[in-house]
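A.B. asks: model the structure of this input:
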Amino acid sequence: MSTDQILFGVALILVLAVASQVLASRLRIPALIILLPAGFTAGALTSDVNPQRLLGPAFQPLVSLAVALILYDSGLGLDRSKLRGHTRRVVHRLVLWGVPITLAFGAVFAAPLLGMSSGAALMTGTILVVSGPTVVNPLLSFVRPTERLQRILGWEGSLIDPVGGILGGVVFHAVLAGDARSLGRTVGQFGLGIFVGVAGAAVGVAVLWVCLTKLGLDPVLRATVQLASVVAVAAVCDIVRDDAGLIAAILMGLAVANMRIFDVPLRGEFNEIVVQLLIGVLFVSVSATVTPHSVLNVLLPTLGLVAILVLVTRPLVAFLATIRTDLPTPERQFIGWMAPRDIVAAATASTFGAALAAHHIDGASKILPVTFLVIFATVALYGLTAEPVARHLGVTRAGARPNPLPSN
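C.D. replies: This is a model prediction of the structure:
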């Protein structure tokens with residue numbers, strides 16, 4: 001591509017990201033509902049906004065680093081002192097039980113509905129596990145449910161993203177290995193990813209402690225130091241082990257938010273405007289890589305898969321996660337009606353789907369368009385219905401009205 005085409009493409013992506021959010025604020029709907037079709041339409045009409053052509057092999061690493069920054073910011077908003085009792089139990093269950101149950105339902109039904117091989121179906125089920133802060137936080141900001149629901153769903157989304165990202169990398173290598181003996185290696189590789197993320201987070205937190213509490217930096221420099229530290233740690237962790245940077249980023253945010261040694265206010269300084277812009281750019285960019293032809297070929301069976309995930313899988317996960325807890329029935333029902341898929345699913349599908357297709361795994365070429373449709377369908381469904389459902393169930397905050405401009 002020429003320099004002029006690259007400049008035009010980058011500018012158009014930024015304009016679409018901001019314009020979509022502005023339009024959403026005027027229509028009083030979640031911005032995500034507009035961001036996805038905006039990117040998809042732009043990608044269909046012109047090749048100038050296709051980030052794979054604009055950035056080449058740099059696109060996927062940049063997506064990973066951008067998601068790491070979003071996860072770090074999400075971690076800054078998670079107060080561990082408020083996660084106790086039955087609330088903590090529900091969050092743990094949503095992650096520990098929700099991941100394998102969702103993976104199983106997605107894989108089992110993807111094979112017959114989409115005509116995929118077992119390997120491609122397993123990869124699809126793994127990808128569709130994630131429901132992260134890039135979509136959950138804006139929707140919760142729009143709906144404004146009770147504080148306990150906000151905490152439960154916010155924690156679930158923030159924790160499940162990095163777990164799903166690492167699990168995707170592990171399953172990818174297991175599918176390529178293609179034999180039962182790879183199970184032990186698969187478990188080992190998952191553990192290695194967690195270990196690398198934890199080790200990277202420890203180093204990152206130590207650096208942030210020195211910079212933020214000992215050097216007497218002004219607010220602007222504190223924000224800059226956080227950005228540089230998260231990017232550096234996430235990059236090194238990803239080099240050592242795919243997607244371990246996501247684990248490191250969320251753990252760094254959690255540590256900075258909850259350790260008493262960090263006695264300065266930080267989240268407002270970690271520019272929320274930049275985070276919101278990153279969300280817009282990511283959704284426009286990734287959706288621009290999906291072609292209309294690939295989507296039309298899998299449209300109806302994917303809608304069937306969405307129905308299974310929304311009407312069967314999520315309610316089952318919510319029921320099991322909240323059983324024998326003190327959550328009232330309306331709050332349990334709302335948890336069962338909130339599981340949108342996010343940008344990590346799209347990024348993982350873009351990376352692993354193409355790689356599996358290159359290795360001639362049957363049905364792998366369908367992974368990205370299927371994931372895109374699931375993301376769009378769940379974001380649109382929950383985005384348009386979550387607020388009236390919350391009001392009907394009586395789980396909105398007293399006197400709350402929808403936020404006209406959802407933000408992370």
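A.B. asks: from Pro292, how far off is Val275?
C.D. replies: 30 Å (C-beta to C-beta, to the nearest Å). Just so you know, the C-beta spots here come from the backbone N, C-alpha and C atoms, and that holds for glycine as well.
A.B. asks: contact partners of stretch 348-355?
C.D. replies: 60, 63, 123, 127, 130, 164-165, 168-169, 172, 243, 286, 289, 364-368, 370-372 (C-beta atoms under 8 Å, 6 or more residues apart in numbering).
A.B. asks: returning to that earlier point: quick one, which of Val275 and Pro292 is more surrounded?
C.D. replies: Taking neighbours as other C-beta atoms under 10 Å, Val275 and Pro292 compare with Val275 leading, 21 against 12.
A.B. asks: touching, the more buried one and Ile70? I think so.
C.D. replies: Yes. Counting by C-beta atoms under 8 Å, Ile70 is a contact partner of Val275 at 5.8 Å.
A.B. asks: which strand or helix spans the closest residue to Gly132 other than its chain neighbours?
C.D. replies: Leaving aside its sequence neighbours, Gly132 sits nearest to Asp161 (C-beta to C-beta, 6 or more residues apart in numbering; 3.4 Å). Assigned by DSSP states H and E, Asp161 belongs to helix 147-177.
A.B. asks: following element in sequence after that helix, please.
C.D. replies: Using DSSP H and E, the first helix or strand after helix 147-177 is helix 182-213.
A.B. asks: what is the neighbour count of Val231?
C.D. replies: For Val231, using other C-beta under 10 Å, the count is 17.
A.B. asks: was I right about it contacting Val67?
C.D. replies: No. Using C-beta under 8 Å, Val231 is not in contact with Val67; the gap is 11.4 Å.
A.B. asks: quick one: buried residues of the helix holding Asp161?
C.D. replies: Within helix 147-177, the residues scored as buried using 16 or more other C-beta atoms under 10 Å are 148-172, 174-175.
A.B. asks: that helix - what's its average pLDDT?
C.D. replies: The average pLDDT within helix 147-177 is 83.
A.B. asks: just want the angle from that helix to helix 182-213.
C.D. replies: For helix 147-177 against helix 182-213, the angle by axes from the mean of the first three to the mean of the last three C-alpha atoms, to 10 degrees is 130 degrees.
A.B. asks: please state the offset of helix 147-177 from the chain centre?
C.D. replies: Centre-to-centre, helix 147-177 and its host chain are 8 Å apart (C-alpha atoms, centre = their mean, to the nearest Å).
A.B. asks: helix or strand: which one has the nearest residue to Thr313 once chain neighbours are set aside?
C.D. replies: The spatial neighbour of Thr313 that comes closest, neighbours along the chain excluded (C-beta to C-beta, 6+ apart), is Phe105 at 4.3 Å. Assigning secondary structure by DSSP H and E places Phe105 in helix 98-114.
A.B. asks: after that helix comes which helix or strand?
C.D. replies: helix 118-127.
A.B. asks: which strands and helices lie in contact with the next helix or strand after that following helix?
C.D. replies: Per DSSP H and E, the first helix or strand lying C-terminal to helix 118-127 is helix 133-143. Contacts defined by 3 or more C-beta pairs under 8 Å, 6 or more residues apart in numbering; DSSP states H and E place helix 133-143 against helix 32-45, helix 59-76, helix 147-177, helix 272-287, helix 343-358, helix 367-393.
A.B. asks: go again using 6 Å as the cut-off
C.D. replies: In terms of contacts (3 or more C-beta pairs under 6 Å, 6 or more residues apart in numbering; DSSP states H and E), helix 133-143 is packed against helix 147-177, helix 367-393.
A.B. asks: which residues sit in contact with the residue nearest the centre of the chain?
C.D. replies: Geometric centre of the chain, nearest residue: Gly132, 3.4 Å, by C-alpha atoms, centre = their mean. Residues near Gly132 by C-beta atoms under 6 Å, 6 or more residues apart in numbering: Gly157, Asp161, Asp342, Val344.
A.B. asks: rerun at 8 Å
C.D. replies: Counting by C-beta under 8 Å, 6+ apart, Gly132 has contacts Val67, Leu71, Ser74, Gly157, Ser158, Ile160, Asp161, Gly164, Asp342, Ile343, Val344.
A.B. asks: count the residues that sit near the last one.
C.D. replies: Neighbourhood size, Val344 [other C-beta under 10 Å]: 30.
A.B. asks: for the first one, same thing?
C.D. replies: The number of residues packed near Val67 is 28, by other C-beta under 10 Å.
A.B. asks: and the spatially closest residue to Ala201 that is not a sequence neighbour, what is it in contact with?
C.D. replies: Once flanking residues are discounted, Ala201 sits nearest to Leu251: 3.6 Å by C-beta to C-beta, 6+ apart. Going by C-beta under 8 Å, 6+ apart, Leu251 touches Gly75, Gly197, Val198, Ala201, Val205.
A.B. asks: try it again with 7 Å
C.D. replies: By C-beta atoms under 7 Å, 6 or more residues apart in numbering, Leu251 lies in contact with Gly197, Val198, Ala201.
A.B. asks: ok, Leu277 next?
C.D. replies: Ala17.
A.B. asks: and for His173?
C.D. replies: His173 sits next to Gln189 when contact means C-beta under 7 Å, 6+ apart.
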